[in-house]
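In: any chance you could fold what I've pasted below:
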Amino acid sequence: MDQYRPGILANQALATAAHVLETRFAGAHFAFVAGSIMRGQGTVGSDIDMVVIYPRLERAWRESFMEEGFPVETFVHDPATLDVFLGRDVENGRPIMINMVAEGRIVGAQVKGAAALRAKASRLLKVGPAPLEGERAELLLYQVSDLADDLRGRRDREEVLAIAVTLYPKLIDLMLWGRGHWSGAGKWLPRRLRTVDAALADQLSAAMADAAAGDGTAMRALCERELAARGGAVFAGFRRISDVAGLGAPILA
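Out: So this is what the prediction gives:
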């Protein structure tokens, strides 16, 4: 694999994906091949993401393996199970499966139906996530409030960094999803924030650098600003009912 020639690397990955579909998933009709390699951003070690579509399955599954030197992540579905996962992306504010279907390259001998699935994913991507509201919003506001409060006072550098790392994805969720934009996970969090608001991304990056040095002041200030835009910190009055039953609950025979 050649990390300095992205076009060649993408072609190699696409050929590998076609081989995987033919040999490992012989009953599947087609697959969407996605990931950083297919976007021309891959390097040695980047994986191939494949959404494999069968006409009918008893249950969806996920499977990882090595093929021709590539790490391969497969997400195996039929149209019904895929629809469930696309809906989860909308509800969770993270277009993980939606992006793979909307942007992936199609391989396979029986591609009838692939265009319809791609069109649906593209529509969902354009419409955006479900609104961040209700219990989900309240919980996120509470978590950001609680972690921001932990940054007050003097703490060891390691503690400040640990709090900031825990806070980072929740704060970006608030910054993005709270404004009606798609959020993300892992490396997609800073990418999405920078796409939406480069200045805000710079501020958060600087705040994280300060936190790594043991100073959580800027991180706390960012939190307080985001919380203020949504009515302020959430603590007093926060209440959630657990789904774990106590001794007073009826015991099923």
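In: what is the neighbour count of residue 36?
Out: Residues within reach of residue 36, counting by other Cβ atoms under 10 Å, total 18. Any C-beta I mention is one placed from the backbone N, CA and C, and that applies to glycine too.
In: on the three-state scheme, it is what?
Out: With DSSP: H, G, I helix; E, B strand; the rest coil as the basis, residue 36 sits in coil.
In: go on, residue 26?
Out: Assigned state for residue 26: coil (three-state reduction, three-state DSSP).
In: that one and residue 77, how far apart?
Out: Counting by Cβ to Cβ, to the nearest Å, the gap from residue 26 to residue 77 is 16 Å.
In: if you skip the residues just before and after it, what's nearest to residue 193?
Out: Of all residues not flanking residue 193 in the chain, residue 201 sits nearest, at 4.6 Å (Cβ to Cβ, 6 or more residues apart in numbering).
In: ok, now which ones touch that neighbour?
Out: 190, 193, 194 (Cβ atoms under 8 Å, 6 or more residues apart in numbering).
In: and which of these is nearest to residue 221?
Out: residue 193 (16.7 Å; Cβ to Cβ).
In: for the helix or strand that contains that closest one, which residues meet the burial criterion?
Out: Secondary structure assigned from DSSP states H and E places residue 193 in helix 188-196. For helix 188-196, a neighbour-count test (16 or more other Cβ atoms under 10 Å) marks 188, 189, 190, 192, 193, 196 as buried.
In: relative to the whole chain's centre, how far out is that helix?
Out: 11 Å (Cα atoms, centre = their mean, to the nearest Å).
In: list the buried residues of the helix or strand that comes right after it.
Out: As assigned by DSSP H and E, the chain's next helix or strand after helix 188-196 is helix 198-212. Residues 200, 201, 203, 204, 207, 208, 210, 211 are the ones in helix 198-212 that count as buried (16+ other Cβ under 10 Å).
In: tell me the mean pLDDT for the one helix or strand residue 10 maps to?
Out: In this structure, residue 10 sits in helix 6-24 according to DSSP H and E. The average pLDDT for helix 6-24 rounds to 89.
In: now it - C-alpha only, PDB.
Out: Extracted in PDB, the C-alpha atoms of helix 6-24 (Å, rounded to 0.1, in the frame of the first residue of the first chain):
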ATOM      1  CA  PRO A   6      -4.100   8.300  -2.500                       C
ATOM      2  CA  GLY A   7      -5.700   7.600  -5.900                       C
ATOM      3  CA  ILE A   8      -3.800   4.300  -6.300                       C
ATOM      4  CA  LEU A   9      -4.500   3.400  -2.700                       C
ATOM      5  CA  ALA A  10      -8.200   4.000  -3.200                       C
ATOM      6  CA  ASN A  11      -8.300   1.800  -6.300                       C
ATOM      7  CA  GLN A  12      -6.500  -1.000  -4.400                       C
ATOM      8  CA  ALA A  13      -9.000  -0.700  -1.600                       C
ATOM      9  CA  LEU A  14     -11.900  -0.800  -4.000                       C
ATOM     10  CA  ALA A  15     -10.600  -3.900  -5.600                       C
ATOM     11  CA  THR A  16     -10.000  -5.500  -2.200                       C
ATOM     12  CA  ALA A  17     -13.600  -4.600  -1.200                       C
ATOM     13  CA  ALA A  18     -15.000  -6.200  -4.300                       C
ATOM     14  CA  HIS A  19     -13.000  -9.400  -3.600                       C
ATOM     15  CA  VAL A  20     -14.300  -9.400   0.000                       C
ATOM     16  CA  LEU A  21     -17.900  -9.100  -1.200                       C
ATOM     17  CA  GLU A  22     -17.400 -12.000  -3.700                       C
ATOM     18  CA  THR A  23     -15.600 -14.400  -1.400                       C
ATOM     19  CA  ARG A  24     -16.800 -13.600   2.200                       C
END
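In: packing partners of that helix?
Out: strand 30-34, strand 48-53, strand 61-67, strand 70-77, strand 105-107 (3 or more Cβ pairs under 8 Å, 6 or more residues apart in numbering; DSSP states H and E).
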